[in-house]
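**Student:** just need the structure, nothing else, for what follows:
(chains A and B)
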Amino acid sequence: DTGVSQNPRHKITKRGQNVTFRCDPISEHNRLYWYRQTLGQGPEFLTYFQNEAQLEKSRLLSDRFSAERPKGSFSTLEIQRTEQGDSAMYLCASSLDGTSRAFFGQGTRLTVV
Amino acid sequence: GESVGLHLPTLSVQEGDNSIINCAYSNSASDYFIWYKQESGKGPQFIIDIRSNMDKRQGQRVTVLLNKTVKHLSLQIAATQPGDSAVYFCAELQGAQKLVFGQGTRLTINP
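**Tutor:** Numbers count the residues shown, from 1 in each chain, chains lettered A, B, ... in the order given. Here you go, the predicted structure:
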């Protein structure tokens, strides 16, 4: 499978706990994005990396959220002190420099109880 | 602010008929649009894209039409099949890399 891979697929956590998600983009893609999707809505942009540099962050990305892409390959999204409002599908996408065509992974569904 | 919207939240069609899903956008400076298909529990799947210098683009059983005058985008699916049942999103590229999505249209295929 050469698509975008996300782990875990599902995560249930108690309020106040920290969670970390991982995204492995398509291997030759140097651009990586994180989006969040709540039920019945379209995905909302969170942040974007070009190689290892985080170039844009949405106002949705509060200080409890941090994303990294240390070697310009896989990325992690960490949520600290989770709240019930963080429950959503977290989607990762990647694209190749010079094209805007982004391909999404299957997402990580987070449930905060 | 700028947004991308859809005319209908749901659409039901008979198997074998053609489907048309519509989308309106408000940012006249947008120059790139994508249609995604999302099945339950899965991530959005790329269907087709179009740049603003084009009016029409065709893929396999799908056609995207762009009317820049009225800022309207449509996705046509020919000979709709049960596997086409999903939520369809149009997305608009804002800035260098941010996609802004509409709320989606749920397409249901009746046998």
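
**Student:** now do the contacts for residue 63.
**Tutor:** Using chain A. Listed by Cβ atoms under 8 Å, 6 or more residues apart in numbering or on different chains, the contact set of A:Asp63 is empty. In short, each C-beta sits where N, CA and C put it, glycine included.

**Student:** should've been chain B
**Tutor:** Here B:Thr63 is in contact with B:Ile48, B:Lys56, B:Arg57, B:Leu75, B:Gln76, B:Ala78 (criterion: Cβ under 8 Å, 6+ apart).

**Student:** so how far is B:Gln94 from the third one?
**Tutor:** Read it as B:Arg57. Distance from B:Arg57 to B:Gln94, counting by Cβ to Cβ, to the nearest Å: 20 Å.

**Student:** may I see the buried residues of stretch A:38-46?
**Tutor:** Residues of stretch A:38-46 classed as buried: A:Gly42, A:Pro43, A:Glu44, A:Phe45, A:Leu46 (neighbour count, 16 or more other Cβ atoms under 10 Å in any protein chain shown).

**Student:** report the entries of these that also contact chain B.
**Tutor:** Restricting the buried residues of stretch A:38-46 to those adjacent to chain B (criterion: Cβ under 8 Å from any Cβ of the partner chain) gives A:Gly42, A:Pro43, A:Glu44, A:Phe45.

**Student:** of all these, which comes closest to chain B?
**Tutor:** A:Gly42 (3.0 Å; Cβ to the nearest Cβ).

**Student:** what about the closest one, helix or strand, and which?
**Tutor:** A:Gly42 is located outside every helix and strand, with elements delineated by DSSP states H and E.

**Student:** isn't it right next to B:Thr105, touching?
**Tutor:** No: at 10.5 Å, A:Gly42 does not count as touching B:Thr105 under the criterion of Cβ atoms under 8 Å.
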